[in-house]
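Engineer: just the structure for this:
(one chain, ligands or ions: 1)
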Amino acid sequence: MTSEKLISPYREVDYSPKAWFGGITAEMLPVKEQKKSLDFWKLAVAPQQGEIANSANKLMRKYAQYVPGSDECSSFLISLVMECRERIRNTLISSAYRDHCDIEFVPSMCRGLEVALCRIKGLSRIILSPFEHPSVLSLARWLGNIINADVCQLHFEAKDYHLSPIDQETKMIKMIQDEVDSSCGPTALILSVVNYSTGLVNRTTEIMNHLQKVNDSTLHIILDGAHAAGNYISSVDIDKCWAYVISVHKWLLSPEPCGVIITPRPVKEDEIPYDAWSHSFPATTTNVRVFTSLASSLRAIDRVGLENWRAHSIRLRDYFIRRMHSRLSVIGSNNGTEMTSFIAVRPKSGHFWKWPIKDLSKYLEEQSVYILMLSIDQDTPWLRIAFPYTQNIEQVNELCNILDYAME
Ligand SMILES: Cc1ncc(COP(=O)(O)O)c(C=O)c1O
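Structural biologist: Numbers count the residues shown, from 1 in each chain. Model (predicted):
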């Protein structure tokens, strides 16, 4: 809708609902008027749009026909949860461990990590690898305070990210070991399978093997697979960890948040929290939309094939890297670390962002570009760019033009 003049008793006012209401009115505007956002996952949350969201709504309409608490309603719900569990088991867990693990659903990723931590009897220290998400630090601090466990957040400098994977691993293992050695009792380590800021893969099997050789059973390793499930598809050795926790609203594309705890052994009845969908219904009221959404996204993933979803993202990623090759460097790409469907970039030497971080962020937002700004490097902002299925080559091209303009 073009701007129209409204005559008010006092003055002429520009009628511009887009400016007033922003995204709320976007769908009501004629298509050519809508500015398509370039969503390269500032928040890494699957969209509430498209086929998956429509299918979830359809399942919700079906659910709405039942009376809550009726047998029919319960069997509908149970069948959805069982379907989600089996699809996760068959898609994400390697066959060697499939039959022996327990799969539980909880309201969020962080809640899943919290439950896994609470299952460690007498927990005295929580160690966070240098690559953990800020919300995980908040969770660890909150829980540590309540149960009287201390929290150690390990730290890597920007230059450490340029070490070879083996050197990074050696450095991190030494830092972890120092904290384990000075702990007074059972210790937990939270370790991401894929680094949320760079998209680089941590060699969790090698790290766990090394730490478990040196330490006795007092070290419990909890793998954070928030950015691994559906993105990084090589199998994760879940038998070596205390718990593998994943999130479904990122690369598993579910429009509703939910955490999944995968435990490589049977979970005992008295370890099940009141809000988990574990061996049976949770004690608290179930959020049905979580399961209509997850069933819809897992069905879509199965139909297309996880490899094909991933291939689309990798094609966009590699196109971006080729186009920006002369001006941007990809963190970790020249030291052989395994990459996934998102990357972190910084200007190559001799190139600079035109503006400081705040202005750069403002410029990108004005261009409707949504990417995460990272302040790991004191000298220059790094940008995290994800390539989810919702994007295409034209949008990547547009992003490249916008970033080109932001550099000198
Ligand atoms: C690696 C990682 N772990 C944990 C979380 C927290 O997830 P949630 O906010 O769903 O609890 C995030 C969020 O982006 C993340 O990227």
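Engineer: shouldn't residue 336 be within a helix?
Structural biologist: No: in this structure, residue 336 is coil, not part of a helix, as judged by DSSP: H, G, I helix; E, B strand; the rest coil.
Engineer: for residue 137, which residues are in contact?
Structural biologist: Residues near residue 137 by C-beta atoms under 8 Å, 6 or more residues apart in numbering: 128, 151, 153. All C-beta atoms are positioned from the backbone trio N, CA, C, and that covers glycine.
Engineer: the ligand contacts on the stretch 301-408 of the chain?
Structural biologist: Taking C-beta under 6 Å from any ligand atom as the criterion, the ligand has no neighbours within the stretch 301-408 of the chain.
Engineer: ranges for the strands of the stretch 101-250 of the chain?
Structural biologist: Using DSSP state E, counting those that start in this stretch, the strands of the stretch 101-250 of the chain run over 102-106, 125-128, 150-153, 187-192, 219-224, 243-247.
Engineer: wait, which of the ones you listed is closest to residue 343?
Structural biologist: For residue 343, the closest of these is strand 187-192, at 15.7 Å, according to C-beta to C-beta.
Engineer: mean confidence (pLDDT) on the closest one, please.
Structural biologist: For strand 187-192, mean pLDDT is 98.
Engineer: thinking again about what came up before, which of the contacts of residue 137 are buried?
Structural biologist: When the contacts of residue 137 are checked for burial by 16 or more other C-beta atoms under 10 Å, the buried set is 128, 151, 153.
Engineer: distance to residue 46 and pLDDT added to those, as JSON lines?
Structural biologist: Below are the buried ones among the contacts of residue 137 laid out as JSON lines (distance: C-beta to C-beta, whole Å; pLDDT from 0 to 100):
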{"residue": "128", "distance to residue 46": "25", "pLDDT": "98"}
{"residue": "151", "distance to residue 46": "30", "pLDDT": "98"}
{"residue": "153", "distance to residue 46": "28", "pLDDT": "98"}
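Engineer: with respect to the ligand, which of these is nearest?
Structural biologist: Checking the buried ones among the contacts of residue 137 against the ligand with C-beta to the nearest ligand atom, the nearest one is residue 128 at 10.6 Å.
Engineer: one step back: of the strands of the stretch 101-250 of the chain, flag the one that's most buried.
Structural biologist: Of the strands of the stretch 101-250 of the chain, the one with the most neighbours on average (mean count of other C-beta atoms under 10 Å) is strand 243-247, at a mean of 28.
Engineer: extract the C-alpha trace of that strand and format it as PDB.
Structural biologist: The C-alpha coordinates for strand 243-247 follow below in PDB (Å, rounded to 0.1, in the frame of the first residue of the first chain):
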ATOM      1  CA  ALA A 243      23.100 -37.600  28.100                       C
ATOM      2  CA  TYR A 244      22.700 -36.200  24.600                       C
ATOM      3  CA  VAL A 245      20.300 -33.300  24.600                       C
ATOM      4  CA  ILE A 246      18.900 -31.900  21.400                       C
ATOM      5  CA  SER A 247      16.500 -29.200  20.400                       C
END
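Engineer: so which residues make contact with it?
Structural biologist: For strand 243-247, contacts defined as C-beta under 8 Å, 6+ apart pick out 92, 108-109, 112-113, 116, 119, 222-226, 228-229, 236, 238, 252, 257-264.
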